[in-house]
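A.B. asks: Sequence first, predicted model second:
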Amino acid sequence: MADETKATDAGQRYAQSLFELTIDSNQLTQVEADLKSLRAMAAESADLRRLIESPAFSAEDKAKGLVAVATKAKFQLLTAKFLGLVASNGRTGDLLGAIAAFIELSAQHRGVVTAEVVTAKALTAAQLKGVSTAVASAVGKTPEISTRVDPSILGGIKVRVGSRLFDASLRSKLDSLKFALKRA
């Protein structure tokens, strides 16, 4: 599953509200870890994605399902309540975007930037350190890097920092060449 989630206005508002609650209750790191875990679960589980995205499930069923997942995963009570609220309000379509927005707010609060690195093959520790150094020098802040393997880019690397995308993938270079040849 490609993680091309964007926070909608509603997702951004949910993320902001949750962020403020976590700051007030001093649970920022725990809730952020819960949400990152849920995002990873959704990336790995087609059934969980179906529960989140499918209109075939009622808001009540989605709320019960997400709260059950939160309970089984031993998430914070605040996280479980947040998931139940989003689902019961019929906003599960905004959930993954809200999670991305929350993680971004948390990173800004800590003074770091989040960077998503996509490669065709898993990076070695040395390569990851090199990417981290390059991102740090490009944006002037310490990066918090998450990696994802996507064989469809064929080779090279894509780095997303905030709304900026640095695309040095073989797929995009081939697409550019194909477009240039069509124009000629």
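C.D. replies: Sure, I can see it. Numbering: from 1, shown residues only.
A.B. asks: Can you read off the backbone torsions of S146?
C.D. replies: S146 adopts backbone torsions of phi -120, psi 140, taken as degrees, to the nearest 10.
A.B. asks: Pick out the residue closest to the middle of this protein.
C.D. replies: Here the mean C-alpha position of the chain is nearest to the C-alpha of A100 (Cα atoms, centre = their mean), at a distance of 4.3 Å.
A.B. asks: Which strand or helix spans that residue?
C.D. replies: In the assignment (DSSP states H and E), A100 maps to helix 95-110.
A.B. asks: My read is that F82 contacts L18, right?
C.D. replies: Yes: counting by Cβ atoms under 8 Å, F82 does reach L18; the two are 5.3 Å apart. Every residue, glycine included, has its C-beta placed from N, CA and C.
A.B. asks: can you list residues touching both of the two?
C.D. replies: The overlap between the contact sets of F82 and L18 (Cβ atoms under 8 Å, 6 or more residues apart in numbering) consists of V31.
A.B. asks: per-residue confidence averaged over stretch 138-149?
C.D. replies: Stretch 138-149 shows a mean pLDDT of 88.
A.B. asks: hmm, back to that, just the CA coordinates for the helix holding A100, please, in CSV.
C.D. replies: Provided in CSV are the C-alpha atoms of helix 95-110 (Å, rounded to 0.1, in the frame of the first residue of the first chain):
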residue,chain,number,x,y,z
LEU,A,95,-8.0,8.8,9.8
LEU,A,96,-4.7,8.0,8.0
GLY,A,97,-4.4,11.7,7.0
ALA,A,98,-5.0,12.7,10.6
ILE,A,99,-2.3,10.4,11.8
ALA,A,100,0.2,11.9,9.3
ALA,A,101,-0.8,15.4,10.4
PHE,A,102,-0.4,14.4,14.0
ILE,A,103,3.0,13.0,13.5
GLU,A,104,4.0,16.2,11.6
LEU,A,105,2.7,18.4,14.5
SER,A,106,4.6,16.2,17.0
ALA,A,107,7.8,16.5,14.9
GLN,A,108,7.5,20.3,14.7
HIS,A,109,6.9,20.4,18.5
ARG,A,110,10.2,18.5,19.0
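A.B. asks: Show me what it is packed up against.
C.D. replies: Packing partners of helix 95-110 (3 or more Cβ pairs under 8 Å, 6 or more residues apart in numbering; DSSP states H and E): helix 9-24, helix 28-44, helix 77-88, strand 113-119.
A.B. asks: How many neighbouring residues does A40 have?
C.D. replies: Neighbour count for A40, taken as other Cβ atoms under 10 Å: 12.
A.B. asks: what about it, distance to S146?
C.D. replies: 10 Å (Cβ to Cβ, to the nearest Å).
A.B. asks: do K121 as well
C.D. replies: 16 Å.
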